[in-house]
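# the following comprises the amino acid sequence and a computationally predicted model.
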Amino acid sequence: MEKFETLQGVVLPLDKVNIDTDQILPARYLQKPRANNFGDYLFKDVRHDGNGLLRPEFVLNQAAYVGAQIMLANDNFGCGSSREHAVWAIYDGGFRAVIAPSFGDIFFNNALKNGLLPIRLAKSEVMSLFSLAQQNPETQVVIDLVAQTVVASPDFCVRFEIDNFSKRCFLEGIDELGYTLSLLPQIEAFERKQLS
């Protein structure tokens with residue numbers, strides 16, 4: 001997992017509710033090995049028409065958002081089936097954070113475990129971000145994990161919540177296994193004590 005402290009960039013606005021994991025990553029790609037770049041399949045059926053050509057109207061295909069690392073979504077993002085692959089597709093697609101009013105529970109937890117920061121903001125705050133992004137696609141958003149803030153303008157600075165364990169993992173760039181391994185000296189000391 002990569003360390004995450006601050007992130008600055010434009011946001012990719014996906015102003016649609018109930019974007020499910022099958023839209024994010026179609027089921028036919030679930031058998032691919034993790035070593036594949038799942039970003040190649042991100043929103044595959046939504047990004048392309050029936051002939052396999054890119055749909056220019058789909059936001060991910062627009063030049064203004066090439067290289068975006070922050071995804072802005074609407075209610076219930078990542079709902080549907082529990083595929084971890086959907087998080088891999090977003091992460092491999094270059095995104096490091098998703099901001100939405102609400103997430104599918106399993107998607108939210110999978111994101112935390114795979115280095116994709118899911119940020120819940122109030123619906124009104126998300127709508128303000130959509131408005132800023134639509135008025136000016138070059139609007140810069142700064143996510144500060146240490147301060148737990150999202151800043152998009154002098155008038156837009158909001159806090160978000162994250163549990164202490166997940167925050168620590170992001171800040172240190174470790175996953176749950178890495179965290180457990182960081183406790184190895186204490187674990188070994190405990191085991192020695194039990195054997196004596």
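Perfect, thanks for sending it.
# name the element I162 belongs to?
I162 belongs to no helix or strand when assigned by DSSP states H and E.
# spit out the contact partners of it.
117, 119, 145, 148, 170 (C-beta atoms under 8 Å, 6 or more residues apart in numbering). For the C-beta atoms, the positions are set from N, CA and C on the backbone; glycine is no exception.
# which one (most neighbours) among those?
F170 (23 neighbours; other C-beta atoms under 10 Å).
# which stretches of this structure have low pLDDT?
Along the chain, no part satisfies pLDDT under 70.
# run through the strands of it in chain order.
Taking DSSP state E as the criterion, the chain contains strands spanning 6-9, 11-14, 70-73, 97-100, 117-120, 141-144, 149-153, 156-159.
# and the fifth one, what does it pack onto?
Using 3 or more C-beta pairs under 8 Å, 6 or more residues apart in numbering; DSSP states H and E as the contact criterion, the elements in contact with strand 117-120 are strand 97-100, helix 105-113.
# the third one now?
Applying 3+ C-beta pairs under 8 Å, 6+ apart, one finds that strand 70-73 makes contact with strand 11-14, strand 97-100, helix 123-135.
# quick one: closest of these to P154.
helix 123-135 (11.6 Å; C-beta to C-beta).
# who touches that closest one?
Under C-beta under 8 Å, 6+ apart, the answer for helix 123-135 is 10-11, 13, 15, 72, 74-75, 99-101, 121, 139, 141, 150, 152-153, 156, 158.
# kindly recompute the last result at 6 Å.
11, 13, 15, 72, 101, 139, 152, 158 (C-beta atoms under 6 Å, 6 or more residues apart in numbering).
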